[in-house]
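Colleague: whatever this is, show me its structure:
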Amino acid sequence: MTRPHWAAKPNEEECRVDLKCGSSITISGAFNPDTLRGDGLDFVVLDEVASMKPDAWDKVLRPALSDREGRALFISTPQGRNHLYNYFELAKTNSEWQSFQFTTEHGGLVKKRELDSAATDMDANSFRQEYDAEFTSIGKHRVYYAFERENNVRDDLRFDGTQDLIWSIDFNVNPMCMLLMQRCGDDVHVLEEIIIKPDANTQLACEAFLARTLGFTKQVPWTHQPMSVKIYGDASGHQRHTAGVATDWVLIKEFFRSWKGTFEPRFYHATQNPLIRDRVNCVNARLRNQHGDCRLFIDPSCKELIRDLEEVSWAVDSNNAPTRELDKQDRSRTHTSDALGYFISQIFPMRVPSN
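Modeller: Numbering: from 1, shown residues only. Predicted coordinates for the structure are as follows:
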């Protein structure tokens, strides 16, 4: 197609075609996004973008298009509700984006009898994803498989001044992630998330908590009574410190002493973290148990937590089999769900049934 416009014979080693007009067409791999850095771009096509690291677009290709006001085309089979799903949803509210959805049948290359055979052999979710191009809840080795936006995300959650406020913390430096929650009977309501990056410390965490919760204190119905706050979190707060002065937990206790009369804190941090699998199982059981009951609900503003629950997967071994460790290649992931798990695993632990 481009042969009449070649400026020279294509460079097969660099997978590049130079054209007479001064433009060039290049094919590059995206396994390591940093290798894509370079000159500005006029147009970029990202093929199978659901399998790429989000950094390929967010930190490398998007900036490369800016100076030329270039354009981009994303092509992909869905892979759960990961970053591709977020881009697809963005097109519904951002006029600079457009989204299109085509099934395998629309392509016209696969015969109907093969589609019928695949529908018989595959589970419904896998068929909907691979052949109908739908964003299902399944993802590769997905950790929080019980999470469904339709069941677990609600926009009617409000702070209840008659109930304790729960503050759960993951002591990470970049980012540090915290959740503000309440327990309403057997239900857990995640009201807000607090994300501090890139250089988080415990003092900043306390300041952010104060800024988010002073308004809550005015909703406590009992006059001149402090607001009850239950604090949960990462047991590693005993061993290391983000502020470089004392352990994280000591600093948080000092913060609450300075606000005595406004808050009534109670600390429930464990001396050691639960096993990852146990913590995950506890969260999944709250999201949706074997009877189909959902007991964990999240405000839609908690975008990082929702992304965690949809995207966090198990790390794999050399045979591509899932291990017992979380995949932490994306450093922005796992931290909000960890903060959730520290609380859930203490309050709703999985118990071995007695005989």
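Colleague: stretch 186-205: end-to-end distance?
Modeller: Stretch 186-205 has an end-to-end distance of 28 Å (CA to CA, to the nearest Å).
Colleague: for it, what is the average pLDDT?
Modeller: Averaged over stretch 186-205, pLDDT sits at 90.
Colleague: can you give me how far that stretch is from the chain middle?
Modeller: Distance of stretch 186-205 from its chain centroid, counting by CA atoms, centre = their mean, to the nearest Å, is 14 Å.
Colleague: ok, stretch 18-30 next?
Modeller: Worked out by CA atoms, centre = their mean, stretch 18-30 lies 34 Å from the chain centre.
Colleague: list the buried residues of it.
Modeller: Asp18, Ala30 (16 or more other CB atoms under 10 Å). For the C-beta atoms, the positions are set from N, CA and C on the backbone; glycine is no exception.
Colleague: give me the mean pLDDT for that stretch.
Modeller: Per-residue scores along stretch 18-30 average to 92.
Colleague: show me this structure divided up by domain.
Modeller: Under the assignment automatic domain parsing, the domains of the chain span 3-130, 150-347.
Colleague: for Leu210, see how far away the closest residue to Cys21 other than its chain neighbours is.
Modeller: Leaving out its chain neighbours, the residue that sits closest to Cys21 by CB to CB, 6 or more residues apart in numbering is His5, at 7.0 Å. Distance, His5 to Leu210, using CB to CB, to the nearest Å: 63 Å.
Colleague: same check on Ile25?
Modeller: 54 Å.
Colleague: surely Trp6 and Ser23 touch.
Modeller: No. Counting by CB atoms under 8 Å, Trp6 stays clear of Ser23, with 11.5 Å between them.
Colleague: what strand or helix carries the residue lying closest to Phe267 once chain neighbours are set aside?
Modeller: Nearest non-adjacent residue to Phe267, counting by CB to CB, 6+ apart: Ile231, 5.1 Å away. Assigning secondary structure by DSSP states H and E places Ile231 in strand 227-233.
Colleague: may I see the buried residues of that strand?
Modeller: Met227, Val229, Lys230, Ile231, Tyr232, Gly233.
Colleague: give me the contact list for it.
Modeller: 161, 164-171, 213, 216-217, 220, 249, 252, 256, 262-269, 339, 342-343, 346 (CB atoms under 8 Å, 6 or more residues apart in numbering).
Colleague: just the buried subset of those, please.
Modeller: The buried subset of the contacts of strand 227-233 - by 16+ other CB under 10 Å - is 165-171, 213, 216-217, 220, 249, 252, 256, 263-265, 269, 339, 342-343, 346.
Colleague: in helices, which of those residues appear?
Modeller: Counted as lying in helices by DSSP state H, out of these, are Thr213, Phe216, Thr217, Trp249, Ile252, Phe256, Ala339, Tyr342, Phe343, Gln346.
Colleague: all strands of this structure, in order?
Modeller: Secondary structure of the chain, counting by DSSP state E: strands at 16-18, 24-26, 43-47, 71-75, 165-170, 176-184, 187-196, 227-233, 263-267, 296-298, 314-316, 322-326.
Colleague: in the last one, what's buried?
Modeller: By neighbour count, with 16+ other CB under 10 Å as the criterion, the buried positions of strand 322-326 are Leu326.
Colleague: student question: in this protein, what's the helix or strand with minimum average pLDDT?
Modeller: Lowest on mean pLDDT, DSSP states H and E among the helices and strands of the chain sits helix 124-130, with a mean of 75.
Colleague: and for Ile276, the neighbour number?
Modeller: Taking other CB atoms under 10 Å as the criterion, the count of residues near Ile276 is 16.
Colleague: that one contacts Asp327, doesn't it?
Modeller: No. Ile276 lies out of contact with Asp327 (CB under 8 Å); the separation is 11.6 Å.
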